[in-house]
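Q: coordinates for the following, if possible.
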Amino acid sequence: MLGSAAAVRLGLALGLGFALVGCVVVPQSQRQYLADPTMQIQDDPLEARSNRKLWTAREGAAGGDAKPAGGGCGCSN
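A: All right, here's what the predicted structure looks like:
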């Protein structure tokens, strides 16, 4: 069994290790590969448009595609 101080140190070390695993610096010349269509979450453009409309109507704000949004009622199209 670990003592409480050892358990805290182990937990902090594991947490720091997990946090550092997610940090990656991608060179600017390699970023084009991250924008490849095969890296997209949804490959169906109709489904992506439908989800974007749903999110825009629900949130009533501009989406991540920088297009202006209408009201929150969902009756814009």
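Q: confidence score at residue 76?
A: Looking at residue 76, its pLDDT is 54.
Q: same question but for residue 26, I mixed them up
A: Residue 26 is assigned a predicted lDDT (pLDDT) of 82.
Q: same thing with the one 5 residues further on?
A: As predicted, residue 31 sits at a pLDDT of 80.
Q: let me know the secondary structure of it.
A: helix (DSSP: H, G, I helix; E, B strand; the rest coil).
Q: what about it, distance to residue 22?
A: Look at residue 31 and residue 22: by Cβ to Cβ, to the nearest Å, they are 17 Å apart. Every C-beta, even on glycine, is put in place using the N, C-alpha and C of the backbone.
Q: neighbour-wise, which of these two wins?
A: The neighbour count for residue 31 versus residue 22, taken as other Cβ atoms under 10 Å, is higher for residue 31 (9 against 6).
Q: helices along this protein, start to end?
A: Secondary structure of the chain (DSSP state H): helices at 4-21, 31-34, 45-59.
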